[in-house]
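J.: Below are the sequence and a predicted model for it; my questions follow.
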Amino acid sequence: MKNFFRPVVICLIDLFLFFFKRNKKIVLCTGWNGLRFADNSRYIFLYLNTYRENICLDQVVWLSNDSQICSELNEAGYTAYMKRSFMSVYYHLRAGYIFYDQFNNDLFVVLTRKSRMVNLWHGMPIKKFGVWSGLDWNLKSDYLFTCSYFGDELIGQAFHTEPNHYIHGMYPRNYFLTEPISYLTKGERLYLDIIQKKKRENKKIIFYLPTFRKHQLQFLGTTDHEKINMFFNFLDDHGYFLMTKIHTGGYYSNNDTIADAIEERILSLSPQTDIYPFLKEADILITDYSSVLFDFLYLDRDIICYAYDLYLYEHDDKGLLIDYQSLPADRVYSLDELKDNLQKKIDNRDDHAEDRKQWLKKCFADRTMNDTIQALLK
């Protein structure tokens, strides 16, 4: 029955679009299954709204499956609708440009016909995904944001897509690492108040961002409570404060959590939280195999790769696309090594400043938001 009705629906949509051409002054944005206001789709939405008149746009609309997100955005003066609403259907059919950050099923795909659809994606990968992992991920009718020729080799090859559909520019989320963010949610403002309080206490902020794994996360790589307590005692004694966020995918797929005893000593952002308002507050980034490592290069600050399960991750989990030893960061493999590394950083030793610059250029090719706008709104 479904296969019978689809050609009829397509025919009706095409008839509608014959009489009512898509409006290239209307942009529709969404992402993360409509459950988060985050990532590149969030930041292109904010950027386009800020410069809407300069770019000659009439409307920039956000679609969500979360009524609170819609309510907060509308209250702040933006335009947001629930995905399953009449106005959502209207903008699906009228928007000349549609931007999303991961899966096009965040949208009613059949209603996007003859629009310019762009997958903004969300990061220069270290780990394998998509076609690299054996998935049949078809994006042949959409455009794909890859940032650079190096990105074409990594992100581009993770999808079935057309090489002439690669788009190069600056990730919108990275633009806001060094520029003020025009809108913050109520929850983000509460978290930022806590961070600013810690900074007034002269604490150095560590942001620990472990990536998604196939199996449940072992937070900080150990279950030894004595070692964990000693580590946090060390942080307290040396002027460090740790904030973290469980990867959204790990939270939903593996029920990844943080033990209550640890949570009392850190700032744990909710799994749905967008990290970019907080990333810019961090003095040191600790991650493992996350693409956030490359975004953090814009801030030119210390990075530590804490890969306590490197062999397992490389051979029995996602696997790696990049030579791990070449990354512009310190690498440690146990909680004791992590503590020793942080001890050395108290003396402001930095062994990777030049490497960071080279990797930043390799990944993002000095492109700006002007390049992004020109590429997206062609």
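T.: Right, received. Where do you want to start? Residues are numbered from 1 along each chain as shown.

J.: all strands for this structure, in order.
T.: For the chain, the strands defined by DSSP state E occupy 23-29, 59-64, 79-82, 95-100, 116-119, 143-145, 166-167, 204-209, 240-245, 267-269, 284-287, 302-306, 330-332.

J.: quick one: which of the ones you listed is nearest residue 45?
T.: Smallest distance to residue 45 across those (CB to CB): 4.2 Å, for strand 23-29. Just so you know, the C-beta spots here come from the backbone N, C-alpha and C atoms, and that holds for glycine as well.

J.: Export only the CA atoms of the closest one, formatted as CSV.
T.: Presented in CSV, the C-alpha positions along strand 23-29 are these (Å, rounded to 0.1, in the frame of the first residue of the first chain):
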residue,chain,number,x,y,z
ASN,A,23,11.6,30.2,-2.4
LYS,A,24,15.4,30.6,-2.2
LYS,A,25,14.9,33.2,0.5
ILE,A,26,13.6,30.6,2.9
VAL,A,27,15.9,28.2,4.8
LEU,A,28,14.8,25.2,6.9
CYS,A,29,17.2,23.8,9.6
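
J.: and that strand with strand 59-64, angle?
T.: Angle, strand 23-29 to strand 59-64, by axes from the mean of the first three to the mean of the last three CA atoms, to 10 degrees: 30 degrees.

J.: Let me know the average pLDDT across strand 23-29.
T.: The pLDDT scores in strand 23-29 average 98.

J.: What residues sit buried inside that strand?
T.: By 16 or more other CB atoms under 10 Å, the buried positions in strand 23-29 come out as 23-29.

J.: likewise stretch 189-197?
T.: 191, 195.

J.: Show residues contacting it.
T.: Contacts to stretch 189-197, defined as CB atoms under 8 Å, 6 or more residues apart in numbering, come from residues 184, 205, 243, 267, 269, 273, 277-278, 281.

J.: ok, those vs residue 174, which is closest?
T.: Nearest to residue 174 out of these is residue 277 (CB to CB; 13.1 Å).

J.: any idea how far the closest one lies from residue 316?
T.: Going from residue 277 to residue 316 by CB to CB, to the nearest Å gives 35 Å.

J.: tell me the contacts of residue 205?
T.: Residue 205 is in contact with 195, 198-199, 240-241, 243, 281-284, counting by CB under 8 Å, 6+ apart.

J.: Could you do residue 139 as well?
T.: Residues in contact with residue 139 (CB under 8 Å, 6+ apart) are 104, 119, 159-161, 165.
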